[in-house]
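J.: generate coordinates for the sequence data below:
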Amino acid sequence: MSTNPQSKRFAPIVHSAAEWRAEMARLSRPGQPSFFHIRTQLPKEGRTNQVLGASRYMNVVLKTYASGGENEIHAHSNEDHVFVILQGSAMFHGPNGETREVGKNDCVLLPAKTFYWFQTKEDDEELVMLRIGAHIDPDSDVLARVDLEGKPFDGYSEKNKEVPVVLHEDRIFE
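T.: Here you go, the predicted structure:
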């Protein structure tokens, strides 16, 4: 099998749940394998989401964080997902004050409806995680998330401390 030069390009950064859904739809190819390469520019500020692969029941996203994290407690109501930490470290928090530090090669599996939030460790290198999600009901919104009161919660919102991303010109994770 030959190497595809396209595999070395950067996957597009999605800036909203709508863009994330559109990229999953674009990448989903029933009955065909997906090939992708983990490669991204690292952020100086903000965070990125890059959809690498998707099917009716799964999606794979490369996530990077300069600082911060998913800063408000929430749960995904229609998806189990796992984070695989590839670089950096973070502190994960549960709804009752539980905490767990994770670093390179650690993984976190979050069943649907599990409340959590996380933050990168200060003074550490950028956080890079692979996020693999499995849809509970592929006919419902896979990106649905709720706050502690059960109200819809947009991960790209100011409430979730979303800030504009600024990328390093010369810093790449691969």
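J.: in this structure, which spans are helices?
T.: In the chain, the helices defined using DSSP state H lie at 17-27.
J.: which residues of it fall in strands?
T.: Assigned by DSSP state E, the chain shows strands spanning 40-45, 47-54, 58-65, 69-76, 79-87, 89-93, 99-103, 107-110, 116-120, 127-135, 145-146, 166-173.
J.: what angle do the third one and strand 79-87 make?
T.: What it means is strand 58-65. Between strand 58-65 and strand 79-87, the angle comes out at 40 degrees (axes from the mean of the first three to the mean of the last three Cα atoms, to 10 degrees).
J.: could I get the strands of the chain as TSV with distance to residue 152?
T.: Glycine gets a C-beta too; all of them are placed from N, C-alpha and C. Shown next, in TSV, are those (distance: least, Cβ to Cβ, whole Å):
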stretch	distance to residue 152
strand 40-45	26
strand 47-54	18
strand 58-65	19
strand 69-76	10
strand 79-87	14
strand 89-93	21
strand 99-103	26
strand 107-110	18
strand 116-120	16
strand 127-135	17
strand 145-146	6
strand 166-173	28
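J.: any idea which of those strands gets closest to residue 26?
T.: Of all the strands of the chain, it is strand 47-54 that lies closest to residue 26, at 8.1 Å by Cβ to Cβ.
J.: sheet-wise, list the partners of that closest one with their directions.
T.: In the sheet, strand 47-54 lines up against strand 58-65 (antiparallel) (DSSP bridges).
J.: what mean pLDDT does the partner strand have?
T.: Here strand 58-65 scores 97 as its mean pLDDT.
J.: so, low pLDDT: which residues of this structure?
T.: Along the chain, the model assigns pLDDT under 70 to residues 1-7.
J.: that older thread, could I get the strands of the chain as JSON lines with mean neighbour count?
T.: Below are these laid out as JSON lines (neighbours: other Cβ atoms under 10 Å):
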{"stretch": "strand 40-45", "mean neighbour count": "18"}
{"stretch": "strand 47-54", "mean neighbour count": "22"}
{"stretch": "strand 58-65", "mean neighbour count": "22"}
{"stretch": "strand 69-76", "mean neighbour count": "19"}
{"stretch": "strand 79-87", "mean neighbour count": "19"}
{"stretch": "strand 89-93", "mean neighbour count": "18"}
{"stretch": "strand 99-103", "mean neighbour count": "13"}
{"stretch": "strand 107-110", "mean neighbour count": "15"}
{"stretch": "strand 116-120", "mean neighbour count": "19"}
{"stretch": "strand 127-135", "mean neighbour count": "20"}
{"stretch": "strand 145-146", "mean neighbour count": "17"}
{"stretch": "strand 166-173", "mean neighbour count": "12"}
